[in-house]
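1. sequence and predicted structure below; questions after.
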Amino acid sequence: MSAPVADAAEAPAAGKPATSGGWRARVVTPQLPWRVVFIVVLALGLLAPFVLDPAFRLPLFTKYLCYAIVGVGIALAWGHGGMLTLGQGLFVGLGGYSMGMYLKLHEAGPGNVPDFMSWSGVEKLPAFWEPFRNPVVAIIGVIVLPIIVATVLGLLVFRQRVRGAYFAILTQALTAAFVILLIGQQGYTGGTNGLTNFGSFFGINLFEANGQRKLYFVTAGVLLVIFLLLRLVVASRFGRLLLAIRDGEDRVRFLGYDPTVIKTIAFAISAVTASVGGALIVPVVGIINPGMLDIVPSIELVIAVAVGGRYSLAGAVIGAVVVNWARTNFSEDYPSGWTYFQGALFIGVIAFLPRGIAGIVPQVRDGVPVLLKRLGITLPTRSGPPGGPPAAPPPGGAPVLIPGQGTPEAKEAV
Amino acid sequence: MTTEVDIPAPPPAGGSGEALLAVRGLRVVFDGFVAIGGIDFTVNRGELRFLIGPNGAGKTTLVDVITGLTKPAAGSVTFGGVELVGRREYRIVKLGIGRTFQTATVFEDLTVLENIDLAASFRMAVPKLFLRRRGVTDAVAQVLETTQLAELADRKAGVLSHGQRQWLEIGMLLAQDPQLLLLDEPVAGMTKDERERTGLLLQQIAAERTVVVIEHDMEFLRRFASVVTVLHEGKVLTEGTVAEVQADPRVQEVYLGRKKEDAAAGSAAVLGLEATP
């Protein structure tokens, strides 16, 4: 009934590095490998625009990063909050069209209507287009529109305790409705063709190699900022509460919290990230159209996050980059094979790697001792004298006994 | 919040005499089945009240209604004069009522400390929740101390034993700092040692708060209960001290009758009624 013996035995061992202090204790922490990986990734990210071909490979890579921005939002809503959102395309679209409208008006010049409108016989700029002449309004739109839509939707839906598959279907239906609206209003939205023909993005010339590099740095910078911000969210009480709601929403009510509010905020955050990703993808690929935010691309975003690891923000980034990179390369050789491969990949991950690529390390760490035990092999480090301190820390947590100094969240998120 | 180690004497049978929780004419119907058929039930401030009764008597349903989980067909529940019926669960918690569940539900992916910290932070404004938790507040540290979970603070709650989970749940309840605690079978499935510890913990808690405990274990009842309310088939059968209730022939009939019908339930044996004439 008392605490396991192991705890008492580990206490002095765990206290030692902390009390001896010095730089070594601060640098050599359980997170060290992850920090090294993070720095290496940052360095590679800085090199990428000078290695990749700015006319072809670099814009593709920038596009993957846009998906990664959407992906971290999905990881927050789905992985942490348990809200499977199959309709992020709706928010990608809100951001993408806000940005597209501004770029289109900028292209058309003051007083003119965008080219596709005059082809449809629309001679006067519709009122809802007018504010997007102003770049500041466009950027505010990218952030505020998804918040409004997600908040209204969240408050209505989560209050009624709509969850799981019903929530997923609802988000999907809304996305489908949005796409139908866009296609139907040819004269106002560009219809199936969407908005295209942009030459510049806030002064960045999109036809130049250097312009593509700048665009890459803008995108990578936004991804980095959003990633770090969401890591803070995940590590905060809010993040813990979100996990609690995912695992026991009804119990959380009896803790005195209103899950509706918490879920709505998390959903709105994921909507904003999707919108920002959507806004950035417009200059990168040079177009925004309904096909980019339909149900299928929305589901593909979720698949990428599942492959990378939905419980981890870094996993979402990995998934978005790896899956989309694989898609590009695979499609170059076997144009029609990708869909099957993607399906197989998704099934494979669900079956064998429920925590995705990001879960491989912990899965191996936890799984190898079990496997060895099953094979009858005892690890020398674990076969200490009976009653002695175990050599390996228990899986899933560092043996830190000072309250508040534990770091499970740091390990999980990177 | 108490951290006193000395165990206070059991509170006087009637508490302070001022009604804190008043249930009047309560009826609960599930698809035509009458789970509670008109209950009047009062708990005074400072009382430690035990609620017993055979399976299906409506004990948990009563707690569910008080905490807003179940909507009654008729009747009222007031807490310090405030009507609770129709309020949402989290609002009732904010009024100062906390509960535990028959099967301890803690958040397994969070550490023991995080579980308690979340329970303690529910009055925090939402924007403040985004700040990272720095260290441990005094209140949380005290709860860890009271429930003797301090050594396990940084373990995931998923690795706790059954008894430890129950204590964690009681600890989370303490961290909420409610005026009224409703505990649903807090010692079910515990070893004798664990039951003893839980009982002492309860007495300690009851010294400063009002506590209602649903419990079957007669030994536990005799040791720790002052006032017992017996429910049967959705009605209050009787109310009194442990000895009074045990001596009541109606209570014996309810439990012993059950026993003949359904030996597996074994409620009577647990109640220890064979031992009493």
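-> Cool, the structure landed. Predicted model only: the values in this text are computed from it and were never measured.

2. can you get me a residue count around residue A:35?
-> 13 (other C-beta atoms under 10 Å in any protein chain shown). No exception for glycine: its C-beta is placed from N, CA and C like everyone else's.

3. which parts of stretch A:211-222 are buried?
-> A:211-220, A:222 (16 or more other C-beta atoms under 10 Å in any protein chain shown).

4. looking at those residues, spot the one nearest residue A:33.
-> residue A:220 (22.7 Å; C-beta to C-beta).

5. and that closest one, what pLDDT?
-> Note for residue A:220: predicted pLDDT of 97.

6. quick one: it and residue A:45 touch, right?
-> Yes: counting by C-beta atoms under 8 Å, residue A:220 touches residue A:45, with 5.5 Å between them.

7. name the nearest residue to residue 63, sequence neighbours excluded.
-> Since no chain was named, I'll use chain A. The shortest distance from residue A:63 to any non-neighbouring residue, by C-beta to C-beta, 6 or more residues apart in numbering or on different chains, is to residue A:284 (5.1 Å).

8. not quite, go with chain B.
-> residue B:182 (4.8 Å).

9. to which secondary structure element is the one you found assigned?
-> According to DSSP states H and E, residue B:182 maps onto strand B:180-184.

10. can you give the distance of that strand from its chain's centre?
-> Relative to its chain's centre, strand B:180-184 lies at 3 Å (C-alpha atoms, centre = their mean, to the nearest Å).

11. from the contact counts, what lies against that strand?
-> Counting contacts by 3 or more C-beta pairs under 8 Å, 6 or more residues apart in numbering or on different chains; DSSP states H and E, strand B:180-184 packs against helix B:59-66, strand B:97-99, helix B:162-176, strand B:210-214.

12. wait, what's in contact with the most centrally placed residue in chain A?
-> Geometric centre of chain A, nearest residue: residue A:72, 1.4 Å, by C-alpha atoms, centre = their mean. Shown in contact with residue A:72 (C-beta atoms under 8 Å, 6 or more residues apart in numbering or on different chains): A:223, A:226-227, A:230, A:273, A:313, A:316-317.

13. got TSV for those, with neighbour count, secondary structure and distance to chain B too?
-> Formatted as TSV, those follow (neighbours: other C-beta atoms under 10 Å in any protein chain shown; DSSP: H, G, I helix; E, B strand; the rest coil; distance: C-beta to the nearest C-beta, whole Å):
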residue	neighbour count	secondary structure	distance to chain B
A:223	26	helix	21
A:226	20	helix	15
A:227	19	helix	16
A:230	22	helix	11
A:273	32	helix	16
A:313	30	helix	16
A:316	35	helix	18
A:317	27	helix	22
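
14. need those residues in CSV with distance to residue A:100 and pLDDT, can you?
-> Putting the contacts of residue A:72 into CSV (distance: C-beta to C-beta, whole Å; pLDDT from 0 to 100) gives the following:
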residue, distance to residue A:100, pLDDT
A:223, 20, 97
A:226, 21, 98
A:227, 25, 97
A:230, 25, 97
A:273, 18, 98
A:313, 28, 95
A:316, 25, 96
A:317, 25, 96
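
15. show me the helices in the stretch 151-300 of chain A, by range?
-> Along the stretch 151-300 of chain A, the segments classed as helices by DSSP state H, counting those that start in this stretch run A:164-184, A:186-189, A:209-235, A:237-253, A:259-285, A:295-308.

16. single out the most deeply packed of those helices.
-> helix A:259-285 (a mean of 26; mean count of other C-beta atoms under 10 Å in any protein chain shown).

17. now that one against helix A:237-253, angle please.
-> 140 degrees (axes from the mean of the first three to the mean of the last three C-alpha atoms, to 10 degrees).

18. which strands or helices does helix A:259-285 pack on?
-> helix A:57-74, helix A:89-108, helix A:135-159, helix A:209-235, helix A:237-253, strand A:287-288.
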